[in-house]
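S.K.: no sequence on this one, just coordinates:
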């Protein structure tokens, strides 16, 4: 069966085709300006039509309705994942599972399939940054949500007059040190280091809770800003949610083409 996997975040959409248990190269784009025809053209018309579509979406009902309409017009069955109590090898730790973001659940499913038998800190860096702890037995032990570095920076630049004024034209973004020499670099580096410090603290807390050190699994468009600053052991999986969708669609982790 040929399946189209779609991960819709707050600002970006990722998609990939799964055929014969193998995932093709994933693609990504900003979706804010997409119309119904854009969804159809970008996702369907450039490829042989899929037999099914599996979707993880946190972008709101309007986007989901648009995508559902495209699938319906094409005569393709579409499954929009909702968060169960248990599924894909993960048992959700929230008292009310539906309150866990579907991208966090599907990402946890993907991480557990890729790294079975290991405790994991699944870190997604998008508009927000999420950290979810998954025990070696697949039990979701809870999570943390903070603004991702980009949102931290944007908030300081838009909500504070003094910092915004001093940061205007105030030096390069590429300063790699914590103690920066311009206001702009200080804001950027402060946000990145704060995010990395939270991940390292989460690993320490997880070690105390589980008695084992978890592996950090990093995903999301903003992960590149955080990973060089981590002291914990990490692996990067850019298409982690798509990996999780593949597991839910077919019951096993896909091979890559």
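M.R.: Nice, thanks for sending it over. Note that the structure is a prediction, hence the values are computed from the model and not measured. Numbers count the residues shown, from 1 in each chain.

S.K.: for stretch 43-63, measure first residue to last.
M.R.: 14 Å (Cα to Cα, to the nearest Å).

S.K.: what do you get for stretch 75-83?
M.R.: First residue to last in stretch 75-83 (Cα to Cα) measures 25 Å.

S.K.: summarise which helices and strands the longest helix along the chain is packed against.
M.R.: Criterion DSSP state H: the longest helix present in the chain is helix 183-210. Contacts defined by 3 or more Cβ pairs under 8 Å, 6 or more residues apart in numbering; DSSP states H and E place helix 183-210 against strand 120-125, strand 128-134, strand 140-147, helix 149-159, helix 161-167, helix 223-226. Quick note: C-beta positions are derived from backbone N, CA and C, even for glycine.

S.K.: go through these and pick out the most buried.
M.R.: Greatest average neighbour count among those goes to strand 120-125 (a mean of 27), per mean count of other Cβ atoms under 10 Å.

S.K.: quick one, that one and strand 128-134 angle?
M.R.: Between the axes of strand 120-125 and strand 128-134, defined by axes from the mean of the first three to the mean of the last three Cα atoms, to 10 degrees, the angle is 170 degrees.

S.K.: on contacts alone, who are the packing partners of strand 120-125?
M.R.: Secondary elements touching strand 120-125 (3+ Cβ pairs under 8 Å, 6+ apart): helix 102-114, strand 128-134, helix 183-210, strand 215-219, helix 223-226.

S.K.: report the residue ranges of every domain in the chain.
M.R.: 2-80, 86-148+188-249 (automatic domain parsing).

S.K.: any chance of those in TSV with distance to residue 154 and mean pLDDT as columns?
M.R.: Output for these, formatted as TSV (distance: least, Cβ to Cβ, whole Å; pLDDT from 0 to 100):
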stretch	distance to residue 154	mean pLDDT
domain 2-80	12	90
domain 86-148+188-249	9	97
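
S.K.: most packed of those domains?
M.R.: domain 86-148+188-249 (a mean of 20).

S.K.: end to end on it, go ahead and measure it.
M.R.: Length of domain 86-148+188-249, first residue to last, Cα to Cα: 15 Å.

S.K.: and it, how far out from the chain's middle?
M.R.: Averaging C-alpha positions (Cα atoms, centre = their mean, to the nearest Å) puts domain 86-148+188-249 9 Å from its chain's average.

S.K.: and for stretch 244-251?
M.R.: Relative to its chain's centre, stretch 244-251 lies at 16 Å (Cα atoms, centre = their mean).

S.K.: now stretch 62-73
M.R.: So, by Cα atoms, centre = their mean, the centroid of stretch 62-73 is 22 Å from its chain's centroid.
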